[in-house]
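Participant: Pasting the sequence and the predicted coordinates here, then a few questions.
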Amino acid sequence: MSRYHETYARWKTDPMGFWAETARAIDWIKPWHEVYARKEGLDRWFVGAECNTCWNAVDRHVKAGHGDRLAVIHDSAITGAKATYTYAQLLDEVAALAAVLEDLGIRKGDRVILYMPMVPEALFAMLACARLGAIHSVVFGGFAPPELATRINDAKPKAILTASCGIEPGRVIAYKPLLDQALDIAAHKVESCVVLQRPQVTAELKSGRDHDWADLLAVARGHGRRADCVAVKATDPLYILYTSGTTGQPKGVVRDNGGHMVALKWSMDAIYGIKPGEVYWAASDVGWVVGHSYIVYAPLLHGATTIVFEGKPVGTPDPGTFWRIVSEYKVAALFTAPTAFRAIKKEDPEGNFIRKYDLSSLRTLFLAGERADPDTVKWAETQLKVPVIDHWWQTETGWSIAANPVGLGMLPVKHGSPTVAMPGYDIQVLDEGGHEVKRGTLGAICVKLPLPPSCLPTLWGNDERFRKSYLSHFPGYYETADAGYMDEDGYLYIMARTDDIINVAGHRLSTGGMEEVLAGHPSVAECAVIGIADALKGQVPLGLVVLKSGVTKPAADIEKECVGLVREKIGAVAALRTVAVVPRLPKTRSGKILRGTMRKIADK
Ligand code: COA
Ligand code: AMP
């Protein structure tokens, strides 16, 4: 029998009591005087409390006598590098790096941008910021310099931590030249850059501003420097994570310290069914929210072991890589995006690589980031012979809005549905007038306010954009911008975005942002970018451009230049491979481009 229904009912009857009780799993420096308060229309959790996220993720486990337990496993399927860190070793790394940041003048509330590949130092850096109460903002390594510059201008960091390179299959990407370009474009001036030199590329350091990571660490260690945890308010920001909005200007999602810890710690047990000491692997990237929540914070807050994996599900070197990792490190739960499974299924349809490995440790596979198509789910269930759990969430929430809570006892799986609302979320499907629709009817999926702990309290430096983007369309509700329906059993079905966000290989991208780039091409008069269905990536962007009159350049050249421009301005991750010159774009009488109609035609 699942304890889900009783747990959800307990939350609904006494939400504040539920969260106050759940919060007992966290070490607080000072208790809250209000579990929840709405200040100027914005939700705040654990008001008055003081805490430190790094303490809860690292120090407390060492203090409790678990210093020898494995905290972090690094495995690069690309370079062959492997490393492990116990909680005691993690504490040593983080406290020393935090001392380095302190020596660079980083203090509580300062912002630090991290532009890092999947190396353990990325985690050390996030935790070192948390230790000092500094606010980190991780920028995904696949973003191009203009995207990095936009984030630098918005977050105004005092320092940037980076590595000399990221490594993609068959391609080493030198990060420092990209960072230098971004710093040249950005209006905000950064005081220090700290560069982790990887063996594949040695970055050139500019005097004054740039520092060698290992050198600074050696100096700090030489002086016996270790930074202590700084008390921060539960409501102080832990990080800013930029995510695609409807324009080229990304939204700086703010995550607070207190509520985030409470929700994530609860989720490890209740949703993922993981016990402290077990190995939990989120095969994502620290640049995305899944990486923040489930590579770094949740497993460590829970005292579990996390895996930092550098590689791809296929081609590094084969579609058996995931299974090698699961068997080698005895992974109990794997969390990834459906696209990774589609990639594996394409290369290993019979599951021959799966049978090469002992996967007896694996209890559950979790999927999120995009719609889990029933074919892929069925294939994974048949091949792995473990439950395959789809769950739905967003950068804005930091944890599941809907899931099948394995730890509370699994509910029956319905293919195509991420199952039911988690405690904290009163999910309602609304019509345009803001009225709840009948079960089974498509509508806008909304969450009745307040949002639970961990959800964004605001957008960085822009309360107004936060209210306008999420709270204004349906007063009293948070608008998820996902459309779908709920069935008679309360199971949700997430069908489509209601805005111009597309989901490419589990990566959230703005077609509006791509249109802004295409519109900047000197020969382009107008353009549209739409997401079209793709068997591997779920969706891929397609660009359609109308040329200015009198343009004589061959269309094929312009199409190629447009593809290059998006790669240069947004990054390879945008995966815009097709741009077509067209004579006209279909429009309404009032001149609005009919993107929805084009999408339907393309998908047929
Ligand atoms: N740094 C630099 N470039 C990057 C990058 C990074 N961190 N990540 C991706 N890119 C580049 C890729 O090299 C590729 O470049 P190319 O156009 O020159 O080939 C481009 O961005 C697109 O990358 P990707 O979307 O990853 O496509 P792919 O064809 O290389 O791989 C998959 C396809 C399905 C295997 C891959 O997308 C995947 O593993 N997806 C899982 C996604 C995921 O975990 N999402 C997190 C949410 S849970
Ligand atoms: P991100 O903020 O990058 O996590 O992307 C969030 C968006 O991805 C959501 O708004 C959905 O559109 C989509 N998404 C995430 N998880 C799922 C899921 N399990 N099913 C359907 N869509 C999902």
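Facilitator: Arrived safely, thanks for sending. Ligands and ions are numbered 1, 2, ... in the order given.
Participant: tell me which strands and helices the longest helix seen in the chain is in contact with?
Facilitator: Among the segments of the chain that qualify as a helix by DSSP state H, the longest is helix 87-103. Judged by 3 or more C-beta pairs under 8 Å, 6 or more residues apart in numbering; DSSP states H and E, the packing partners of helix 87-103 are strand 70-76, helix 120-132, helix 213-222. C-betas here are computed from N, CA, C, even on glycine.
Participant: For ligand 2, what is the nearest residue in the stretch 51-200 of the chain?
Facilitator: Phe140 (10.5 Å; C-beta to the nearest ligand atom).
Participant: How about that residue, nearest residue that isn't a chain neighbour?
Facilitator: Gly287 (2.8 Å; C-beta to C-beta, 6 or more residues apart in numbering).
Participant: for the stretch 51-200 of the chain, what spans make up the strands?
Facilitator: Per DSSP state E, counting those that start in this stretch, the stretch 51-200 of the chain carries strands over the ranges 70-76, 82-86, 111-115, 135-138, 159-163, 165-168, 171-174, 192-196.
Participant: tilt between the third one and strand 192-196?
Facilitator: To tie it back to what came earlier, the one meant is strand 111-115. Strand 111-115 and strand 192-196 meet at an angle of 30 degrees, taking axes from the mean of the first three to the mean of the last three C-alpha atoms, to 10 degrees as the criterion.
Participant: same deal with the fifth one?
Facilitator: When the same axes, to 10 degrees is applied, the directions of strand 159-163 and strand 192-196 differ by 20 degrees.
Participant: go on, the second one?
Facilitator: Per the same axes, to 10 degrees, the angle that strand 82-86 makes with strand 192-196 is 120 degrees.
Participant: what mean pLDDT would you report for strand 82-86?
Facilitator: The average pLDDT for strand 82-86 rounds to 98.
Participant: Can I get the longest helix of the chain in PDB? Just the C-alpha atoms.
Facilitator: Below are the C-alpha coordinates for helix 87-103, written out as PDB (Å, rounded to 0.1, in the frame of the first residue of the first chain):
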ATOM      1  CA  TYR A  87      32.700  13.000   2.800                       C
ATOM      2  CA  ALA A  88      35.800  13.900   4.800                       C
ATOM      3  CA  GLN A  89      37.800  14.500   1.600                       C
ATOM      4  CA  LEU A  90      35.000  16.500   0.200                       C
ATOM      5  CA  LEU A  91      35.000  18.700   3.300                       C
ATOM      6  CA  ASP A  92      38.700  19.200   2.900                       C
ATOM      7  CA  GLU A  93      38.400  20.200  -0.800                       C
ATOM      8  CA  VAL A  94      35.400  22.500  -0.200                       C
ATOM      9  CA  ALA A  95      36.800  24.200   2.900                       C
ATOM     10  CA  ALA A  96      40.100  24.900   1.100                       C
ATOM     11  CA  LEU A  97      38.400  26.200  -2.100                       C
ATOM     12  CA  ALA A  98      36.100  28.400   0.000                       C
ATOM     13  CA  ALA A  99      39.300  29.900   1.700                       C
ATOM     14  CA  VAL A 100      40.600  30.600  -1.800                       C
ATOM     15  CA  LEU A 101      37.400  32.500  -2.600                       C
ATOM     16  CA  GLU A 102      37.500  34.300   0.700                       C
ATOM     17  CA  ASP A 103      41.100  35.400  -0.200                       C
END
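Participant: Now do the same contact list for the residue of the stretch 51-200 of the chain closest to ligand 2.
Facilitator: 285, 287-288, 571, 573 (C-beta atoms under 8 Å, 6 or more residues apart in numbering).
Participant: quick one: which of those sit in strands?
Facilitator: Among the contacts of Phe140, none falls in strands (DSSP state E).
Participant: Return the most buried member of the helices and strands packed on helix 87-103.
Facilitator: Stretch with highest mean neighbour count among the helices and strands packed on helix 87-103: helix 120-132 (a mean of 26; mean count of other C-beta atoms under 10 Å).
Participant: So Ala483 versus Gly369, what's the distance?
Facilitator: 17 Å (C-beta to C-beta, to the nearest Å).
Participant: Which one's more surrounded, these two?
Facilitator: Set side by side, Ala483 and Gly369 show more neighbours around Gly369, with 25 against 16, by other C-beta atoms under 10 Å.
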